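Q: Got a predicted structure plus its sequence, pasted below:
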Amino acid sequence: MVTIAIQAEETLIATLRQIAERRQTTVEEVTKEALEQYLQKQTLKAKTYSFIGIGHSGKKNLSTQVESILTQAANRREGWSLSE
């Protein structure tokens with residue numbers, strides 16, 4: 001296990017201490033749990049491409065439905081096509 005040192009406002013540390021005391025655990029355990037939850041939420045976000053929707057396709061809803069269209073039409077070997 002690796003030790004990480006951070007600087008934080010006193011109010012944040014006080015809140016961590018209160019939560020740890022209420023749960024009858026350590027500040028380290030509360031901090032580790034909060035960090036794990038934060039990182040889990042970050043990794044669950046689907047990757048999107050910022051350039052999607054900048055052009056004009058002639059289809060009114062293409063940019064709003066791009067993720068579902070790509071999910072349905074994508075083929076790992078052949079790529080994707082809007083030939084529907």
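A: Now that the structure is in, tell me what you want to look at.
Q: Please identify the helix or strand for I6.
A: In this structure, I6 sits in neither a helix nor a strand according to DSSP states H and E.
Q: Against Q42, how distant is it?
A: 17 Å (C-beta to C-beta, to the nearest Å). To be clear about C-beta, it is placed using only N, CA and C from the backbone, and glycine gets the same treatment.
Q: before we move on, what about E29?
A: Using C-beta to C-beta, one gets 21 Å for the distance from E29 to Q42.
Q: So between the two, which is more surrounded?
A: In terms of neighbours (other C-beta atoms under 10 Å), E29 is the more surrounded of E29 and Q42; the figures are 12 against 8.
Q: Show me the shaky parts of the protein.
A: Where the chain drops to pLDDT under 70, the residues are 44-64, 66-67, 69-84.
Q: the domain parsing of it - what is it?
A: Taking automatic domain parsing as the criterion, the chain consists of the domains 10-44, 47-84.
Q: which SS state does T25 fall under?
A: At T25, secondary structure determined by DSSP: H, G, I helix; E, B strand; the rest coil is coil.
Q: Measure how buried it is and give me the count.
A: For T25, the count of nearby residues is 12 (other C-beta under 10 Å).
Q: same check, this time on Y38
A: Using other C-beta under 10 Å as the criterion, the residues surrounding Y38 number 10.
Q: How about V30?
A: Taking other C-beta under 10 Å as the criterion, the count of residues near V30 is 19.
Q: With V27 instead?
A: Taking other C-beta under 10 Å as the neighbour definition, V27 ends up with a count of 14.
Q: Tell me how far it lies from A14.
A: Following C-beta to C-beta, the distance that separates V27 from A14 is 10 Å.
Q: that's a helix at T11, yeah?
A: Yes - counting by three-state DSSP, T11 falls inside a helix.
Q: gap between it and E33?
A: Taking C-beta to C-beta as the measure, T11 and E33 are separated by 19 Å.
Q: One more: T26?
A: From T26 over to E33 (counting by C-beta to C-beta), the distance is 11 Å.
Q: same question, I19
A: Taking C-beta to C-beta as the measure, I19 falls 9 Å from E33.
Q: for T43, same thing?
A: Noted for T43: a distance of 16 Å to E33, by C-beta to C-beta.
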